[in-house]
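*Asks:* Quick one, what's the 3D model for this:
(chains A and B)
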Amino acid sequence: MLLQETVMNSTFQLVPLVVLLPLLGILLNWLFGKRLGEKGIGSIASLAAGGSFVISVLLALALLQNHEGARVPLFTWISIGTFDLSWAFRVDTLAVTMMLVVSGVGTLIHIYSIGYMHEDVRHQGDPDRFRRFFIFLNLFIAAMMILVSADNFLVLFVGWEGVGLCSYLLIGFWFEKGEGGLGNAKAAKKAFTVNRIGDFGLLIAIFLIFWNFGTLNFGEVFAMVPAVAEGQPGLLMAITLFMLLGVTGKSAQIPLYVWLPDAMAGPTPVSALIHAATMVTAGVYLMVRSQVMYMAAPAAQEVVAWVGALTALFAGFIALGQFDIKKVLAYSTISQLGFMVAAVGLGAEVAAMFHLTTHAFFKALLFLSAGSVILGMEHGLEAGNHGHSGHHDDPQDMRNMGAIRKKMPVTFVVYLIGALALAGIAPFAGFFSKDEILVAANQGNMAIFIVLVAAAFLTAFYMGRQVLMVFFGDARTDAAKHAKESSLLVTMPLMILALLSVLGGALNLPGMHTLEHWLEETLIITHPAEFIVPIAVGSLVVALVALLLAYLVYGRKPLANAKAADPLAKRLGVIFRWMNQKFMVDELYQAVVIGPYHKLADFFANPVDLGVIDGVVNGLGSLTTSFAGMLRKLQTGFARTYALSIFAGLILILVYILTRI
Amino acid sequence: MPLSYFLGLSAIMFTIGVLGVILRRNALVIFMSLELMFNAANLVFVTYASYYQVLTGQIFVFFIMAVAAAEVAVGLALMVAIFRTKHSIDIDQMSSLKG
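*Replies:* The predicted structure is shown next:
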C-alpha cells in the first residue's frame, strides 16, 4: 500500500512536464529547426504536444486511484512578509480534464497542421515561416497548460496573458496579408486590444481578492469565501462581475465578442485550436474554477446566465447571415460559448465542462474540415485558373462552393458528423451536452430556457444552411469544380475527431454520469444532471425541424450561381441584411467607443501634448537660448576686456572688504 | 623717509601697469606692464620687510622674481608662436574665442 502511494505521488510529480515538454519542443525547433525540414519540425512539435497528452493521461490514471489530487509546488515566486506565492501546479479532476482536452485536441491539430501548413506556406509564398508557426503553436500549448494547471490566480493570469499573446501572434501570422496589406495585422491588434479590456476586469478581480483575502491560492481563497460573503456581501458581487468582464473578453461574450470573428484571419488550425477548442474556453474554466465565489453571489450568477444566453442567441442570428465558411463557424463558437457561460450562471458547472469538452471535439473538427475545404478550393483555384487568369474567387466564400461532397468525400462525411453533433442530433456528442444545459435552464430559469432553445434552433438551422451550401447543389465556380481531397495527414486527425464527436456523449451519458462523478471530486455539484425525456425529445425535435427548414430553404432549390442572392434574403429582407452586417455592432462600437476615444486621444496628442506640454518644454529651451544669447555678448574675445573685468572685480571685492570693516 | 613715499610709488607703478595692460595692444608692452605690476608688489614687500625688520618679505621678493622670469620665458615663447601664425603681436587680433 505504501509503495503504491509513493508511485502515485511520483506520478503527480510529473505535472510540470505538461508545460516543460512544449517548451522543450520550442527550444529544439528554435535551435535545430532550420536543418530539420518540415517533417522534422512538425514531428518535434507534435511529439511535444503529444508528450503533454501522455502526461495528462498518466495524471488522470493516478487520479482514478487517488481522488484527492495533489498540489505540486515548483518554486517560490513571490514572498513578501506573510504573503507567500509559489509557482505551484494543481492536479485535480477539473484541471486534468482541461489538460486532456487541450493537449489531446492540440496534438491532433499539430498533426493536421503539418499537412495544412505545408500547403498554406506555399500558397502564401513564404515556406520559411513553417517553423515559426509550430513554435507559436507549442508556445500556446505551454501557456494554456500554465493556465489550467495553476494553483493560484496570479499563475493563472500568466497563462491567461500567455494564450492572449499566442492568439495575437497567430492571428497576425500572415501579418502582411489581408485587406490592403493590413487586414490581418488589424485583426490581431483588435483581438489584443479587446482582450486587454477584459484583462483589466480580471486584474481588478484579482486585486480585490488579494486585498480582501490576503492570499491568491485557490484553496485558501475558496475556503474563506463563506466567511467573507457573510461580512461583505457586495465584495463577492464585485469580484465575480469584474471576473465576468475578463471572461467576456477571453471567451468572446457580449459585449466583447467582436474580436473573435476577425480572428479568423489566422490560419485555420489556429482558428480550430485557439479560437474554438481551447483558449476561448479559458473563461468558462475560470468561472467553473471559481464556482464557490459565484455561488456566494446569486445576483452575479443571474447576470452570467443572461450574458451567456443572450450571446448564444445573438451570435446565432449573425451566423445565419454570413457567407464566409469560417465566419459562420466563428459566430457559432461564440454562440456555443454562450451556452457554456449560461450553464455556469445556472449553477450547472458539470454541464458547462461537458459541453466545453464535446464542443472542443466537434468545433475543432468543423474548423479543420473547413480548412480542408479551403485547401481543396485553393487547389481548384490554381487548377482552374490555367485557362483564364486575373479572375479570383474567394476560396472561403460559401457562395463560391457547392457540390464539394463529390470532390472531397472524406471531408464531407466528417463535416457532416461535426455539423450534426453541433446541431444537437442524437446520438452525437453535442446532443447530450446541450441537453444537460437545457435541463439546467429548464429547472432554473424559464426565460433563459426559451432563449437557449431558440439559440439551439438557430444552431441547427445555420449548420444545415452551411452544409447544404458548401457540399450540395451544383459547383458554382471553377474552383469548386476542380477541388481536390486533402492528403491523409490532413484527413487523419479529422477522422479521429469525428470519432470523438460521435462518441463524446459517452463521457456523461444519462444514467452513468461519468464526468459528473469524476468532477465531483473537485466541484460542488448543486444540480445533479438529470435526463428529462420531454426536454431531450423536444430539443431533438427543435433541431430536426431547423434542419428540415434549412433543407426547404437551401436544399430544394440550391443557389443557382455564385452571384445569386441568399434565398433567406428575399424572405427576411432587411432583417437578413442586418444579420449579414452583424447588426452593425462593429460600427456601433466605432461610433460610440472607438471614435470618441480617437477624438480624445487626438485631443491629448495635439492640443495637450504638442501644445501645452511641448510648449512648456520648448518655451524653457528658447528662454535659455535667448538669455544665453545676451550673455554671450560679454565674451568679446579681447584679452584686454577680460583684464579690465578682472580689475573691476578686484576693485569691487576690495571696496567690499574695506567698507565692511 | 616716511613709509608712505614707498607705498605711493608702488601704487603709482601698479596703476601704470594696470593701465598699460588694459589700454595697450602690443603684447610686448603688455608684458612690460605686467612686470611693472610685479615690481610694484615687490616694492611693497621690501618696504614692509625693512619697516618691521623681518626677512620673510625679502625672501618672497626673490621667489617672485624667479617666477616672473619663468613666466616671461613662457610668455615670450607664446608670443613667438602667435607671431608665426598671425604675423603680428597685436593682442586684439587674438579674438577667435569671441562669443
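
*Asks:* can you list the residues of chain B near chain A?
*Replies:* B:18, B:21-23, B:25, B:91-92, B:94-99 (C-beta under 8 Å from any C-beta of the partner chain). For glycine as for every other residue, the C-beta is placed from the backbone atoms N, C-alpha and C.

*Asks:* mind listing which of those are in helices?
*Replies:* Secondary structure from DSSP state H places B:Val18, B:Val21, B:Ile22, B:Leu23 of those in helices.

*Asks:* how is chain A carved up into domains?
*Replies:* A:352-386+A:394-565, A:589-660 (automatic domain parsing).

*Asks:* Export those as a markdown table, with columns for mean pLDDT, distance to chain B and mean neighbour count.
*Replies:* Formatted as a markdown table, the domains of chain A follow (pLDDT from 0 to 100; distance: least, C-beta to the nearest C-beta, whole Å; neighbours: other C-beta atoms under 10 Å in any protein chain shown):
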| stretch | mean pLDDT | distance to chain B | mean neighbour count |
| --- | --- | --- | --- |
| domain A:352-386+A:394-565 | 90 | 71 | 21 |
| domain A:589-660 | 92 | 3 | 11 |
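
*Asks:* Turn the ones you listed into a markdown table, including distance to A:Thr107.
*Replies:* Listed next are the domains of chain A as a markdown table, based on distance: least, C-beta to C-beta, whole Å:
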| stretch | distance to A:Thr107 |
| --- | --- |
| domain A:352-386+A:394-565 | 9 |
| domain A:589-660 | 37 |
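
*Asks:* I'd like to know which of those domains lies nearest to B:Val54.
*Replies:* Closest approach to B:Val54 among those (C-beta to C-beta): domain A:589-660, 24.2 Å.

*Asks:* The closest one: end-to-end distance?
*Replies:* Taking C-alpha to C-alpha, to the nearest Å, domain A:589-660 runs 78 Å from one end to the other.

*Asks:* A:Gln496 contacts A:Leu108, correct?
*Replies:* Not quite, residue A:496 is Ile, not Gln. Yes - using C-beta atoms under 8 Å, A:Ile496 is in contact with A:Leu108, at 5.8 Å.

*Asks:* returning to that earlier point: from the residues of chain B next to chain A, which is closest to A:Met117?
*Replies:* Closest to A:Met117 out of the residues of chain B next to chain A is B:Gly99 (68.3 Å), distances taken as C-beta to C-beta.

*Asks:* Let me see the confidence value for the closest one.
*Replies:* Looking at B:Gly99, its pLDDT reads 69.

*Asks:* A:Val7 too?
*Replies:* You'll see A:Val7 listed with a pLDDT of 57.

*Asks:* now B:Ile59
*Replies:* B:Ile59 is assigned a pLDDT of 93 by the prediction.

*Asks:* Please apply the same query to the one 4 residues further on.
*Replies:* B:Phe63 is assigned a pLDDT of 94 by the prediction.

*Asks:* Can you spell out which helices and strands pack onto the helix or strand where it lies?
*Replies:* In the assignment (DSSP states H and E), B:Phe63 maps to helix B:56-86. Applying 3 or more C-beta pairs under 8 Å, 6 or more residues apart in numbering or on different chains; DSSP states H and E, one finds that helix B:56-86 contacts helix B:27-52.
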